[in-house]
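*Asks:* build me a model from this:
(2 chains)
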Protein chains: 2
Amino acid sequence: MNAIADDVAQLLDTAACAAREASAVLATAPRPQRDAALMAAAAALRARADLVIAANAADVEGAPGLSAAFRDRLLLNPARVEAMARAVEEVAALPDPVGRVLAEWTRPNGLLIRRVTQPLGVIGMIYESRPNVGADAAALCLKAGSAVILRGGSESTRSAAAIHGCMVEGLRAAGLPEAAVQIAPTADRAFVAAMLRAAGLIDLIIPRGGKGLVTRVQQEARVPVLAHAEGLCHTYIHEGADPAMARTILANAKMRRTGVCGATETLLIDSAIAPSLLPLLVEDLRALGCDFRADDRARAIVADLAPATEEDFRTEWLDAILSVKVVDGVGQALDHIRRFGSEHTEAIVTQDEAVATHFLNNLASAVGMWNASTQFCDGGEFGFGAEIGIATGRLHARGPVGPEQLCTWRYQVIGTGQTRP
Amino acid sequence: MNAIADDVAQLLDTAACAAREASAVLATAPRPQRDAALMAAAAALRARADLVIAANAADVEGAPGLSAAFRDRLLLNPARVEAMARAVEEVAALPDPVGRVLAEWTRPNGLLIRRVTQPLGVIGMIYESRPNVGADAAALCLKAGSAVILRGGSESTRSAAAIHGCMVEGLRAAGLPEAAVQIAPTADRAFVAAMLRAAGLIDLIIPRGGKGLVTRVQQEARVPVLAHAEGLCHTYIHEGADPAMARTILANAKMRRTGVCGATETLLIDSAIAPSLLPLLVEDLRALGCDFRADDRARAIVADLAPATEEDFRTEWLDAILSVKVVDGVGQALDHIRRFGSEHTEAIVTQDEAVATHFLNNLASAVGMWNASTQFCDGGEFGFGAEIGIATGRLHARGPVGPEQLCTWRYQVIGTGQTRP
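*Replies:* As a prediction, the model looks like this:
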């Protein structure tokens, strides 16, 4: 691996040490104080909305040749700034994830053992595109009692700085250390590399963005990573499905919003029900503007579907395109998911409880759904209030990552002088 | 990083794929089947005890020039083989950690959301010295529904193979895939490097051994690591301590067994109580054969203590040596722990509940104890039945790692056709 220039390494060290000191204060700051910082930050976002929007306009202007989709992700307008402020307030209203007793038991020798949640410490958030991710992440980390170092996309540095100023105003108003929320002090990409290697200084890295970013982070990081990777989600329509339910669920799962990670990318449909149902599903989705990539068996039922390659089944479209495969039963559906999925979210539509139970119990994915749209994979929909992303790895937390998942835990053991034999 | 020779990479690939397939079977194997495999493995260990001991004798003979301590760690005799078998049986008797509902709630839209435990998948266990660690690890992984690839120390390959044979006999007897428990097919160290890089094939690496091994694994691994690192544990005797309790706790915490990670390595003692109590503590520990490294303030109270360097306070002695520092109150004690500790286990001795609460709430360590010996940091003592090691990182699991901590969880969402607005 390349050596990191001394000056960048020094910048990381300074930032991380300041964050570590701030995290020690945050770890024991009472909930009202953390919430006060969030409410004050939200107020600052509103009071400085013009400044934030102006900074954002400079960012947009300074990045010519953006695609329409990219520009849309980058853009901040009054409605979006208001939504950002409101999201921060909603995080404040969430229950306190710190200091919760997860379990408690007494040993035969009288030792009382408690498992209690505590903040992780210092979180590094590396993200792309949407400036509000910075505000969301800062709010969630603060709620969960951790300090955060934010490194956003290089196209939105002015927006990130303006938003950061509002977060700092909130911290200041509440009497919390300003270093609890920092932004990367340099746009130099070497700073990201330094963050990834800062084991012991940073406790967790959360990458949120395109596949390229997440993959790079996973490959280079020495710090534990809570990765928000691909959402190659499946909806499996079992032969025992209620056809009307299958149609409404699939239309929503694919087309509610195609660019979210919880959008269904592949339809698996039992051969027993495909002849009658697949033409209707295709019609429904075509009316919504969806295109298809289908296997031969599906194309034998609906003639004018474009053929699917194996690569298509590995593709997270994030677009109005649906891969289609006809299968023979839940076993094959599970095999396909195991082979092509990203362990994000998979749904089965059926009235057969036994099959549904088998499906749910044989999935390794973070979320398994029965008779619901994959688009429900979202922190707000789960009742977490907000999320920093959807974790697709297997350790620590899975699915929507809210304040609770940004905490760790430790043991408190209360004795009366016991010694071990 | 060095390229891994093709043949070793191929061996890892083959082993990991076989483990992955086995893990899919294990993930839904009912508890009685997993327990039957464990009971049969224990029976095999007893039936083949002579073979295991003979293999071990060949290992010991084949490694001349071992220190007495190393030889003792390596050695298997009838009593130790019996203990190994009994430990496997005790794991079978533990509650099933798989399929437990951790939380369940219903959303306003009627969606029922459940958080349910499931096996991690494929675990890589890299360990040194004691052959029984292989049997313990295999038993715990199997109990937790995960496949395991074991790579033990190079001095104990024959012992490991003999033990592995017994585990496989157990799997066979229960009708479970033999690839659920594998040993490294080559002693080539490159196989370890391949394990560490097998992200996506191996889900978790657990290193257990000396500081050198654990550090190397943490530096090189791409796979998540549950590290069992240093146990630089502290016992802090607050001025409000009951002196008699302080004496019995410290003697046990330091001298019950000096080579365990939960042994206290540093005594912190309030200046208010040190003049009366420190001489008694020194006398107690000297009688047990303990030596000291003390700061100037301690040496001003007990004259003939050897002086401590700053490096001594960073040293996990794993021996009959205790570092001693006089402090002024719980804040200084916490500062010292934060600076020199390894986030393993720290204890406070006091009758003052407020101070004890403050101490426990301001610790980042995996285990905080009040009026108990740090030597209680152990899976058996916690009621987990067994442990694969003590996790000292901040993610996923902390402290003693039993079958429960070898599981992850996922969401099952039960709907009645809901779609997201």
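
*Asks:* from B:L278, how far out is the closest residue to A:L45 other than its chain neighbours?
*Replies:* Closest residue in space to A:L45, ignoring its immediate chain neighbours: A:A85 at 4.1 Å, by Cβ to Cβ, 6 or more residues apart in numbering or on different chains. Quick note: C-beta positions are derived from backbone N, CA and C, even for glycine. Relative to B:L278, A:A85 is positioned 57 Å away (Cβ to Cβ, to the nearest Å).

*Asks:* do A:G341 as well
*Replies:* Per Cβ to Cβ, A:G341 is found 62 Å from B:L278.

*Asks:* list the buried residues in stretch A:177-186.
*Replies:* Residues of stretch A:177-186 classed as buried: A:177, A:179-184 (neighbour count, 16 or more other Cβ atoms under 10 Å in any protein chain shown).

*Asks:* figure out the length between the terminal residues of it.
*Replies:* 21 Å (Cα to Cα, to the nearest Å).

*Asks:* and that stretch, average pLDDT?
*Replies:* Over the span of stretch A:177-186, the pLDDT mean works out to 97.

*Asks:* what's the answer for stretch A:264-279, then?
*Replies:* pLDDT averaged over stretch A:264-279 gives 98.

*Asks:* pull out the buried positions in it.
*Replies:* By neighbour count with 16+ other Cβ under 10 Å, stretch A:264-279 contains the buried residues A:264-271, A:273-274, A:277-278.

*Asks:* list the contacts of the residue of the stretch 251-400 of chain A found nearest chain B.
*Replies:* Proximity of the stretch 251-400 of chain A to chain B (Cβ to the nearest Cβ) peaks at A:A372, 3.1 Å away. Listed by Cβ atoms under 8 Å, 6 or more residues apart in numbering or on different chains, the contact set of A:A372 reads A:249, A:347, B:111, B:413-415, B:417-419.

*Asks:* got phi/psi on it?
*Replies:* The phi/psi pair for A:A372 (degrees, to the nearest 10) reads phi -150, psi 160.

*Asks:* check contacts around the closest residue in space to it that isn't next to it in sequence.
*Replies:* Nearest non-adjacent residue to A:A372, counting by Cβ to Cβ, 6+ apart: B:G415, 3.1 Å away. Applying Cβ under 8 Å, 6+ apart to B:G415 gives the contacts A:369-372, A:376, B:110-112.

*Asks:* one step back: show only the entries of the buried residues of stretch A:264-279 found in helices.
*Replies:* Of the buried residues of stretch A:264-279, the ones assigned to helices by DSSP state H are A:274, A:277-278.

*Asks:* need these in a markdown table (columns: distance to B:H396).
*Replies:* Formatted as a markdown table, those follow (distance: Cβ to Cβ, whole Å):
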| residue | distance to B:H396 |
| --- | --- |
| A:A274 | 42 |
| A:L277 | 42 |
| A:L278 | 42 |
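
*Asks:* ok, which of those residues also contact chain B?
*Replies:* With Cβ under 8 Å from any Cβ of the partner chain as the criterion, these include none near chain B.

*Asks:* where do the strands sit along the stretch 201-350 of chain A?
*Replies:* A:204-208, A:233-237, A:264-270, A:291-294, A:321-327, A:345-349 (DSSP state E, counting those that start in this stretch).

*Asks:* lowest average confidence across the ones you listed, which one?
*Replies:* strand A:204-208 (a mean of 94).

*Asks:* related to what we said a few turns ago, show me the two of the contacts of A:A372 that sit farthest apart.
*Replies:* B:I414 and B:T419 (15.0 Å; Cβ to Cβ).

*Asks:* tell me the backbone dihedrals of the nearest residue to A:G289 once chain neighbours are set aside, please.
*Replies:* Nearest residue to A:G289, sequence neighbours excluded (Cβ to Cβ, 6+ apart): A:A320, at 5.2 Å. Per-residue torsions, A:A320: phi -80, psi 60 (degrees, to the nearest 10).

*Asks:* check what pLDDT A:A320 gets.
*Replies:* pLDDT for A:A320: 96.

*Asks:* quick one, what contacts it?
*Replies:* Contacts of A:A320 (Cβ under 8 Å, 6+ apart): A:254-255, A:258, A:288-291.

*Asks:* any idea which of the residues you listed the model trusts least?
*Replies:* Taken together, these show their lowest pLDDT at A:T258, with 92.

*Asks:* my guess is that one contacts A:L318, does it?
*Replies:* Yes - applying Cβ atoms under 8 Å, one finds A:T258 in contact with A:L318, separated by 6.3 Å.

*Asks:* and the closest residue to chain B within the stretch 101-250 of chain A, how far from A:A347?
*Replies:* Closest approach between the stretch 101-250 of chain A and chain B, counting by Cβ to the nearest Cβ: A:M245, at 4.2 Å. Distance of A:M245 to A:A347, given as Cβ to Cβ: 11 Å.

*Asks:* shared neighbours of these two, anything?
*Replies:* A:N371.

*Asks:* still on that earlier bit, including distance to B:R172, could the strands of the stretch 201-350 of chain A go into a markdown table?
*Replies:* Output for these, formatted as a markdown table (distance: least, Cβ to Cβ, whole Å):
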| stretch | distance to B:R172 |
| --- | --- |
| strand A:204-208 | 42 |
| strand A:233-237 | 34 |
| strand A:264-270 | 35 |
| strand A:291-294 | 44 |
| strand A:321-327 | 33 |
| strand A:345-349 | 33 |
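
*Asks:* and these, which is most packed in?
*Replies:* Of the strands of the stretch 201-350 of chain A, the one with the most neighbours on average (mean count of other Cβ atoms under 10 Å in any protein chain shown) is strand A:345-349, at a mean of 30.
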